[in-house]
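**Student:** Sharing a model prediction with you, sequence too.
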Amino acid sequence: MYTDELLHDLYERLSSRFGPCNWWPGDTPFEIMVGAILTQNTNWNNVERAIDNLKQAGLLSLEAMSALSSQELADYIRPAGYYNIKAGRLQNFFSLINGRWDGDLDFFLGQPVATLREELLSVKGIGPETADSMILYAADKPIFVVDTYTHRLLSRHEIIEDCFEYHMIQELFMDNLEENSRLFNEFHALIVMVGKEFCKKSKPNCTGCPVSGLNGVESYDGRKN
DNA sequence: CACCAGGCAAGTA
DNA sequence: TACTTGCATGGT
């Protein structure tokens, strides 16, 4: 089975079981980007509490959040955990938009993917997954988001070796799927859905996972279609 | 009680 | 370069 067929098979299985997901859970590009930083190594439930705090206070905007002190910001986002670190990371991000882009987030997001990604990665606190989540879900540009669930799912089903790195997994998807932000959006969301239910760190057997017995996995050879 | 969650950067050798 | 550790709340 070729890699593109394998991935489409995987997508179909997940889609019929969990879809449509309608991601990202957030109303504006700014909210999505704040959420992307807050959810680093953190349960989404805790992120929602933090975002609710900001919403309740009427502070969920670039201008309002940029005006807060580190201490005030940390206090609002407290439920999301790592609040001191994340307050600094949010401020680093705000500095990029306010400094280099004069506070115009839409204009910033309108850049070509390559330069957008490069600028996001230059911010201390924004790594590959956070940057790609912002590009796909806030800027609506086609890039594939890889997370721990993606790595664990493919690794446990022996589609990749455990040593595969972020960019290798990203290329596996992007080299074998049509470049379509709608597809990338839904695919990543579906992987998180199945991950939360069947591919937890503490449950290596993945009992009942709809990916089990994916047709032809044993003959996967890693080549592009 | 222990372990985990939609990472990332800094420290160590 | 290749590991390891700190960051921290809230749910199971």
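**Tutor:** Here it is on my side, so go on.
**Student:** Not counting residues beside it along the chain, what's closest to the residue sitting nearest the centre point of chain A?
**Tutor:** Residue closest to the average C-alpha location in chain A (C-alpha atoms, centre = their mean): residue A:133, at 3.8 Å. Among residues not flanking residue A:133 along the chain, residue A:36 sits closest, at 4.4 Å (C-beta to C-beta, 6 or more residues apart in numbering). Quick note: C-beta positions are derived from backbone N, CA and C, even for glycine.
**Student:** Next up, phi/psi of the one you found, please.
**Tutor:** phi -60, psi -40 (degrees, to the nearest 10).
**Student:** Can you report how many residues neighbour it?
**Tutor:** Residue A:36 has 26 neighbours, counted by other C-beta atoms under 10 Å.
**Student:** just residue A:27 next, same as before
**Tutor:** Neighbour number of residue A:27 under other C-beta under 10 Å is 10.
**Student:** start to end distance for stretch A:129-137?
**Tutor:** 12 Å (C-alpha to C-alpha, to the nearest Å).
**Student:** Would you tell me whether that stretch gets close to DNA strand B?
**Tutor:** Yes: Stretch A:129-137 lies within reach of DNA strand B by C-beta under 7 Å from any atom of the strand, at A:129-131, A:133, A:137.
**Student:** what would those look like in CSV with distance to DNA strand C, secondary structure and pLDDT?
**Tutor:** Converted to CSV, the residues of stretch A:129-137 next to DNA strand B look like this (distance: C-beta to the nearest atom of the strand, whole Å; DSSP: H, G, I helix; E, B strand; the rest coil; pLDDT from 0 to 100):
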residue, distance to DNA strand C, secondary structure, pLDDT
A:129, 14, helix, 98
A:130, 13, helix, 98
A:131, 17, helix, 98
A:133, 18, helix, 98
A:137, 22, helix, 98
